[in-house]
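Asks: return atomic coordinates for the entry below.
(chains A, B, C and D)
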Protein chains: 2
Amino acid sequence: MARTTGSDGERTEAAVREAAVNLIARYGYEAMSMRQLAAEVGVQAAALYRYFPTKEDLLFTLMREHMEGLREAWERARPFDADPAEQLAAYVRNHIAFHIGRRHATHVSNMELRSLSPDRLTQILKQRTAYEKELRTILREGAEAGDFSIEDTGLTAMALIQMMTGVIVWFRPGERLSVTEVTATYLSMTMRLVGARMDTYSAARPLDGQRTQ
Amino acid sequence: MARTTGSDGERTEAAVREAAVNLIARYGYEAMSMRQLAAEVGVQAAALYRYFPTKEDLLFTLMREHMEGLREAWERARPFDADPAEQLAAYVRNHIAFHIGRRHATHVSNMELRSLSPDRLTQILKQRTAYEKELRTILREGAEAGDFSIEDTGLTAMALIQMMTGVIVWFRPGERLSVTEVTATYLSMTMRLVGARMDTYSAARPLDGQRTQ
DNA sequence: GAATTAATTGAACGTTCGTTTTATTATCGT
DNA sequence: ACGATAATAAAACGAACGTTCAATTAATTC
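Replies: Sure thing, here's the model as predicted:
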């Protein structure tokens, strides 16, 4: 009826995060109860409050770290001194790989925004906007260089991001298509969508090894 | 403390539906309480149960009728005896017009699926799959006729639908772009995405009056 | 104008929710 | 071995939840 043998704060907190992502992704933030989460971790509900002061703090932490992870992944994957088409390709590859690898966390970050308080919502949206701006910049530079033919940069960026993020809705690992195949197809769809001149990324050459992460 | 003067079942039920769509879209199904909904309608919570036996029945009704409306709209907009490109254009126009016109209902139908019981979830998904299959058919026939060049019909259909439905996330009526402009741009993006041969739907000819609904 | 039906209220039911408080035990540093 | 601290359990809090029920009044029917 108190501290249990072998209990460890770090391990418990990690277990709480993981269980929370899965439960929120499956049932939704409002539908997941703190008791349900505690039971999944194998602990009493009161113990959760040692790590997260409120339920919303838990949600916010998950979202913020997800967005930070996304930006960090892009910082690492981003190719400098590359033409717009290559930068766009890197963006697409990174986006799809990251989101397929963290399907549940992405679901949470996309679906539970309305459960955040106004300031926290603003923080997350700021992170998201900054990430999306990178894509708009690539598209604009590509259009200015004559590599892409785009009617509306902002609208195209939104269309692309929704198309790519949508992968997590239907993609299931181990089914008909592999991550590599899906990425290759999305890459060629993207290049056609932005009117990239060359057919470098068509079906004929689906993968070119470099930076598939 | 009983029936109020001027009360009318049909009007009340319609008011409940409308308020429910708006509240669920804004706060989420779980977060919306029956008392909150009743207050929005100007009625006591108990009165709601004259029209919908449970909260989930209300949600299911909203979703089912939204999906039925989508299919009916497509039945009316669908052009027979048209080439694949024209059929695809009609599909895109109808999809965007319908979803922009019912942003809140679309949000509900897309976000609250997990709050349905298993059988009802199956029913809604069946309707959705049937609607999506129409797009796949158009894509396949266009690809077979050589009008489109598509790598994977199913994957392309999903990508297109997510791209189009994503409009409701950022589109706000009366802002920078009009529905007509957005539709035209999405149309040309779609045609490029599927590798349509002709440039009929490019920026040079964004609108051709016919069937803009 | 009386009887019937439609529409709603107000109060209550039991349950579950997020959270707090207090006590208790394990672990760690010395 | 012992004091300090970390980690948890157990119980309880008030509030809110979906839903039900009986009572009451407006509208309709005959």
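Asks: domain boundaries for chain A, per the record?
Replies: A:1-52, A:54-213 (automatic domain parsing).
Asks: which one of the ones you listed lies closest to B:Leu59?
Replies: Nearest to B:Leu59 among those is domain A:1-52; the distance by CB to CB comes to 12.7 Å. Heads up, the C-betas are built off the backbone N, CA and C, glycines and all.
Asks: tell me the residue of chain A that sits nearest DNA strand C?
Replies: With CB to the nearest atom of the strand, the shortest gap between chain A and DNA strand C falls at A:Ala2, namely 2.2 Å.
Asks: need the domains of chain A in CSV with mean pLDDT, distance to chain B and mean neighbour count, can you?
Replies: Formatted as CSV, these follow (pLDDT from 0 to 100; distance: least, CB to the nearest CB, whole Å; neighbours: other CB atoms under 10 Å in any protein chain shown):
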stretch, mean pLDDT, distance to chain B, mean neighbour count
domain A:1-52, 92, 3, 15
domain A:54-213, 91, 3, 17
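Asks: need those in TSV (columns: distance to B:Gln127).
Replies: Listed next are the domains of chain A as TSV, based on distance: least, CB to CB, whole Å:
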stretch	distance to B:Gln127
domain A:1-52	22
domain A:54-213	16
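Asks: for DNA strand D, which of these is the nearest?
Replies: Closest among those, using CB to the nearest atom of the strand: domain A:1-52, at 2.2 Å.
Asks: touching, A:Met63 and A:Asn110? I think so.
Replies: No. Between A:Met63 and A:Asn110 there is no contact under CB atoms under 8 Å: 9.5 Å.
Asks: and the residue most central in space within chain A, what is it in contact with?
Replies: Closest to where the C-alpha atoms of chain A average out (CA atoms, centre = their mean) is A:His99, at 4.2 Å. Shown in contact with A:His99 (CB atoms under 8 Å, 6 or more residues apart in numbering or on different chains): A:106, A:164-165, A:167-168.
Asks: what do you get if the cut-off is 10 Å, keeping everything else the same?
Replies: By CB atoms under 10 Å, 6 or more residues apart in numbering or on different chains, the contact set of A:His99 is A:70, A:105-107, A:109-110, A:164-168, A:171.
Asks: so how far is A:Val167 from it?
Replies: 6 Å (CB to CB, to the nearest Å).
Asks: one more: A:Gln123?
Replies: 26 Å.
Asks: thinking again about what came up before, overlap in contacts, A:Met63 and A:Asn110.
Replies: In terms of CB under 10 Å, 6+ apart, A:Met63 and A:Asn110 are both contacted by the residues A:Arg128.
Asks: for A:Pro53, which three-state class applies?
Replies: Using DSSP: H, G, I helix; E, B strand; the rest coil, the structure places A:Pro53 in coil.
Asks: give me the neighbour count for it.
Replies: Residues near A:Pro53, counting by other CB atoms under 10 Å in any protein chain shown, number 10.
Asks: what does the model give it for pLDDT?
Replies: pLDDT for A:Pro53: 97.
Asks: and A:Leu177, what are its phi and psi?
Replies: When read as degrees, to the nearest 10, the backbone of A:Leu177 gives phi -110, psi 150.
Asks: mind listing what it touches?
Replies: In this structure, A:Leu177 makes contact with A:171, A:183-185, B:152, B:154-155, judged by CB under 10 Å, 6+ apart.
Asks: go through those and flag which are in strands.
Replies: Assigned to strands by DSSP state E, none of the contacts of A:Leu177 qualify.
Asks: tell me the one of these nearest A:Ala31?
Replies: Relative to A:Ala31, the closest of those is A:Phe171; by CB to CB it sits at 23.6 Å.
Asks: so that closest one makes contact with B:Ala159?
Replies: No. Using CB atoms under 10 Å, A:Phe171 makes no contact with B:Ala159, being 11.3 Å away.
Asks: any residue of the longest helix that chain A contains up close to DNA strand C?
Replies: For chain A, the helix reaching the highest residue count under DSSP state H is reported as helix A:118-144. No. If you take CB under 7 Å from any atom of the strand as the test, helix A:118-144 misses DNA strand C, and the best it gets is 13.3 Å.
Asks: tell me what that helix is packed against?
Replies: With contacts taken as 3 or more CB pairs under 10 Å, 6 or more residues apart in numbering or on different chains; DSSP states H and E, helix A:118-144 sits against helix A:55-77, helix A:84-101, helix A:103-111, helix A:153-165.
Asks: as a markdown table, the ones you listed with distance to DNA strand C would be great.
Replies: As requested, the helices and strands packed on helix A:118-144 are exported to a markdown table (distance: least, CB to the nearest atom of the strand, whole Å):
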| stretch | distance to DNA strand C |
| --- | --- |
| helix A:55-77 | 3 |
| helix A:84-101 | 27 |
| helix A:103-111 | 15 |
| helix A:153-165 | 27 |
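Asks: out of the ones you listed, which comes closest to B:Phe52?
Replies: That would be helix A:103-111 among these, by CB to CB, at 24.4 Å.
Asks: next, the angle from the closest one to helix A:55-77.
Replies: Angle, helix A:103-111 to helix A:55-77, by axes from the mean of the first three to the mean of the last three CA atoms, to 10 degrees: 110 degrees.
Asks: Provide a list of residues in contact with the closest residue to A:Gln127 other than its chain neighbours.
Replies: The shortest distance from A:Gln127 to any non-neighbouring residue, by CB to CB, 6 or more residues apart in numbering or on different chains, is to A:Met67 (4.0 Å). Residues near A:Met67 by CB under 10 Å, 6+ apart: A:105, A:109, A:123-128, A:130-131.
Asks: before we move on, what about A:Arg197?
Replies: With contacts taken as CB under 10 Å, 6+ apart, A:Arg197 has the following neighbours: A:85, A:142, A:146-149, A:191.
Asks: okay then, goodbye and thanks.
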